[in-house]
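Asks: Fold the following for me, if possible:
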Amino acid sequence: MFTGIITHTGTVAGKTRNTLAIRAERDILRALKRGDSIAVDGMCLTVTSKNTNSFSADVMSATFRRTNFSSLTAKSIVNLELPVTPQTFLSGHIVQGHVDAVGTVRQIKKDGNQFTLSISVPKQISRYIVPKGSVTVNGVSLTAIDAKSGSFSVGIIPHTWKSTMFHTLKKKSPVNIEVDILAKYVERLITKKYI
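Replies: Predicted coordinates:
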């Protein structure tokens, strides 16, 4: 489990059909060991190996299909977050690291000290995103400004813009979206949709 508060970024060092290698800062590498979970652009991965300047994780083909990982190239910057501990300050929201869909950046607008991202998403996940509700974009816990069928927008402060991979986004960039898990549980309880 994560909180969506990004503490580090990393750089893609290599990618194959079933692995992803990420170059990262030494302090985060020191905290990692083989078998640990880490969120990479909001996707929970398991560390399979590490050295002094990078770590690797196995990635299933389904993960490449359902995330923005297929668009990552060498030197792409990614957001990194270690899992929460009992001592972690919960300043974001509950994030599982299970990407629900890939969204597409429609517009990036700078307004005073804020950047506003407008993002297109599949309509089937739109219903879980509400104004002033939590949503995760590339692993970052954000508050939706507005939400429509097929899109939503979020405001990003300068600190978050600079200290995450957000400053590398462009129009049409694919982004990983995880909706608030509480919304999905509430829907299931109310509609009694059982598998």
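
Asks: how does this structure divide into domains?
Replies: 8-81, 101-191 (automatic domain parsing).

Asks: now those in JSON lines, with mean neighbour count, mean pLDDT and distance to Thr88?
Replies: Every C-beta, even on glycine, is put in place using the N, C-alpha and C of the backbone. Formatted as JSON lines, those follow (neighbours: other C-beta atoms under 10 Å; pLDDT from 0 to 100; distance: least, C-beta to C-beta, whole Å):
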{"stretch": "domain 8-81", "mean neighbour count": "17", "mean pLDDT": "96", "distance to Thr88": "10"}
{"stretch": "domain 101-191", "mean neighbour count": "17", "mean pLDDT": "95", "distance to Thr88": "13"}
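
Asks: Which of the ones you listed sits closest to Ile94?
Replies: Of all the domains of the chain, domain 101-191 sits nearest to Ile94, with 6.0 Å by C-beta to C-beta.

Asks: mind checking how far the closest one is from the chain centre?
Replies: Domain 101-191 sits 10 Å away from the centroid of its parent chain (C-alpha atoms, centre = their mean, to the nearest Å).

Asks: how far does it stretch from start to finish?
Replies: End-to-end distance of domain 101-191 (C-alpha to C-alpha, to the nearest Å): 22 Å.

Asks: With stretch 18-33 instead?
Replies: Note: stretch 18-33 ends 20 Å apart using C-alpha to C-alpha.

Asks: possible to save the domains of the chain as CSV with distance to Gly92?
Replies: Formatted as CSV, the domains of the chain follow (distance: least, C-beta to C-beta, whole Å):
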stretch, distance to Gly92
domain 8-81, 9
domain 101-191, 3
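
Asks: Of the ones you listed, which is nearest Met1?
Replies: domain 8-81 (8.7 Å).

Asks: Over to stretch 168-177 now: how far is its first residue from its last?
Replies: Where stretch 168-177 begins and where it ends lie 17 Å apart, using C-alpha to C-alpha.

Asks: Of the domains of the chain, which is nearest Leu90?
Replies: Closest among the domains of the chain, once you apply C-beta to C-beta, is domain 101-191, at 9.9 Å.

Asks: Enumerate every residue touching Ser151.
Replies: Counting by C-beta atoms under 8 Å, 6 or more residues apart in numbering, Ser151 makes contact with 106, 118-121, 126.

Asks: longest strand anywhere in this protein?
Replies: strand 101-111 (DSSP state E).

Asks: Check which helices and strands it is in contact with.
Replies: strand 114-120, strand 174-179 (3 or more C-beta pairs under 8 Å, 6 or more residues apart in numbering; DSSP states H and E).

Asks: can you rerun that using 10 Å?
Replies: helix 61-66, strand 114-120, helix 123-126, strand 134-137, strand 151-156, helix 158-163, strand 174-179 (3 or more C-beta pairs under 10 Å, 6 or more residues apart in numbering; DSSP states H and E).

Asks: and of those, who's closest to Ser76?
Replies: strand 174-179 (11.2 Å).
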